[in-house]
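# Sequence isn't available, so here's the structure alone:
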């Protein structure tokens, strides 16, 4: 209970600004957890979907690949459905590539959604902590000015110690949120890179099949 009591005392002595910082922490953690779960699920589902779609693409069965892509909710399925839809009307690789880029541009915002808020919340937590400290120091100096001269030093040191709690708490919230933001950005980049690599592979397979048809013709 000693640690718990110390935490409660630290929070209570920080003043009113501790509460908005705590709210920022709660929202930031909720976003970080949700984004981590979403990106992990997206990475896994894209890998599984790719394993199902690749055999149909390599065998040249684009109709089967199209049906599987249309029934898939994954990012790779959407990109493939865009590419195959364009390939059915145009044999130019540039047109197919543009169609898949369009699908990729539709997928990326969902992967990056809400992650940027973590950096904003980290800054807000830090600034709230500084603001709380400044207001606490203003109140401390105001109180000290009217205090007994013999008690001024002790009263000022105690007031400053309490006022610094908000800055400490703001940094304790801001630093982890910045780390979460960096980790999620890295994870998002990995998923996007895998989608781009798959898009190149799909384009090459479709192009090779189109060239094969032209050669047969």
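Yep, it's here. Everything numeric here is computed off the predicted structure, so don't read it as measured data.
# CA only for contacts and neighbour counts going forward, please
OK.
# which secondary structure elements does the host helix or strand of residue 163 contact?
In this assignment (DSSP states H and E), residue 163 forms part of helix 152-216. Helices and strands in packing contact with helix 152-216 are listed as helix 2-13, helix 18-58, helix 75-87, helix 93-112, helix 116-145; criterion 3 or more Cα pairs under 8 Å, 6 or more residues apart in numbering; DSSP states H and E.
# for the longest one, packing partners?
Using 3+ Cα pairs under 8 Å, 6+ apart as the contact criterion, the neighbours of helix 18-58 among helices and strands are helix 62-71, helix 75-87, helix 116-145, helix 152-216.
# cool, and the shortest one?
Using 3+ Cα pairs under 8 Å, 6+ apart as the contact criterion, the neighbours of helix 2-13 among helices and strands are helix 152-216.
# Any regions of this structure where pLDDT drops low?
1-2, 90-91, 143, 146-147, 149-155, 157-159, 209-217 (pLDDT under 70).
# Residue 71: what's it in contact with?
Contacts for residue 71 (Cα atoms under 8 Å, 6 or more residues apart in numbering) come out as residue 77.
# Nearest to the spatial middle of this structure, which residue is it?
residue 115 (2.6 Å; Cα atoms, centre = their mean).
# What are the phi and psi values at it?
Dihedral pair for residue 115: phi -60, psi -40, per degrees, to the nearest 10.
# Also residue 88?
Dihedral angles (degrees, to the nearest 10) for residue 88: phi -70, psi -20.
# start at 45 instead
That works, and once the first residue is 45, the last one we named lands at residue 132.
# Can you give me the neighbour number for it?
By the criterion of other Cα atoms under 10 Å, residue 132 has 11 neighbours.
# check contacts around the closest residue to residue 177 other than its chain neighbours.
Nearest non-adjacent residue to residue 177, counting by Cα to Cα, 6 or more residues apart in numbering: residue 207, 4.7 Å away. Residue 207 sits next to 58, 59, 176, 177, 178, 179, 180, 181 when contact means Cα under 8 Å, 6+ apart.
# What is the neighbour count of residue 142?
Other residues close to residue 142 by other Cα under 10 Å number 14.
# right, I mislabeled it, should have said residue 146
15.
# and it, what is it in contact with?
Residue 146 makes contacts with 123, 126, as judged by Cα under 8 Å, 6+ apart.
# So what angle separates the directions of the helix holding residue 207 and helix 137-156?
Here helix 196-260 points in a direction 160 degrees away from that of helix 137-156 (axes from the mean of the first three to the mean of the last three Cα atoms, to 10 degrees).
# Between the helices and strands packed on helix 62-102, which one is closest to residue 148.
Closest to residue 148 of those, according to Cα to Cα: helix 119-131, at 5.9 Å.
# For that closest one, which outside residues touch it?
Helix 119-131 is contacted by residues 86, 90, 93-94, 106, 110, 112-116, 139-141, 143-148, 151, 239, 242-243, 246-247, 250 when judged by Cα under 8 Å, 6+ apart.
# any idea how far residue 55 lies from residue 209?
Here the criterion is Cα to Cα, to the nearest Å. By it, residue 55 lies 8 Å from residue 209.
# ok, those two, which is more surrounded?
More crowded of residue 55 and residue 209, by other Cα under 10 Å: residue 209, with 24 against 19.
# Surely that one is in contact with residue 177?
Yes - with contact defined as Cα atoms under 8 Å, residue 209 and residue 177 form a contacting pair (7.4 Å).
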